[in-house]
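Trainee: heads up, no residue letters with this:
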């Protein structure tokens, strides 16, 4: 069992999660007719912390992650009790994949296509707004 702990930690860190930090910057994002205000995880520490330990997320809020590399990037929900959905976006802000994430799960979930960003929201938000793969998110930093 001891040999698997470094492997799990390695996966967790490569996916951008660790048990500390918090995002500060709030960005207005447009997804079709819907507007969302996303915390922007600017630093590695902020990306690592994500929405861990949060017990609520306002209906019009989310968290945006910008990955260092465009590739099949991954997320997990360790220490995150909220049911979330995540959209993976390419460098132009086009949604390449939308997934649902299970609260507190240590399952690593990766994008189906290369992605620069991930946007986490309350589960079902994308569906309720009619947002799906192929749609564009505007207001992204660097896009």
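Mentor: Everything's here; your move. No experiment lies behind these values; they were computed from the predicted model shown. Numbering: from 1, shown residues only.
Trainee: what number of residues lie near residue 47?
Mentor: Using other CB atoms under 10 Å, residue 47 has 23 neighbouring residues. Heads up, the C-betas are built off the backbone N, CA and C, glycines and all.
Trainee: after the helix or strand bottoming out on mean pLDDT in the chain, heading C-terminal, what element do we hit next?
Mentor: In the chain, the helix or strand scored least confidently by mean pLDDT, DSSP states H and E is helix 4-14, which has a mean of 37. Heading C-terminal from helix 4-14, the first helix or strand you meet, by DSSP states H and E, is strand 25-31.
Trainee: element containing the closest residue in space to residue 66 that isn't next to it in sequence?
Mentor: Leaving aside its chain neighbours, residue 66 sits nearest to residue 117 (5.4 Å; criterion: CB to CB, 6 or more residues apart in numbering). With elements taken from DSSP H and E, the one containing residue 117 is strand 115-122.
Trainee: angle of that strand against strand 25-31?
Mentor: 90 degrees (axes from the mean of the first three to the mean of the last three CA atoms, to 10 degrees).
Trainee: elements contacting strand 115-122?
Mentor: If contacts are counted by 3 or more CB pairs under 8 Å, 6 or more residues apart in numbering; DSSP states H and E, strand 115-122 sits against strand 34-41, strand 61-71, strand 84-89, strand 95-101.
Trainee: pick the most deeply packed of those strands.
Mentor: Of all those, strand 84-89 has the most neighbours on average by mean count of other CB atoms under 10 Å, namely a mean of 25.
Trainee: sheet partners, orientation included, of it?
Mentor: Note on strand 84-89: by DSSP bridges, its sheet partners are strand 95-101 (antiparallel), strand 115-122 (antiparallel).
Trainee: now that strand, how far from the centre of its chain.
Mentor: 6 Å (CA atoms, centre = their mean, to the nearest Å).
Trainee: and for it, what's in contact with it?
Mentor: Residues outside strand 84-89 that contact it (CB atoms under 8 Å, 6 or more residues apart in numbering) are 51, 57, 73, 75, 77, 95-101, 103, 109, 111-113, 115-127, 131, 137, 140.
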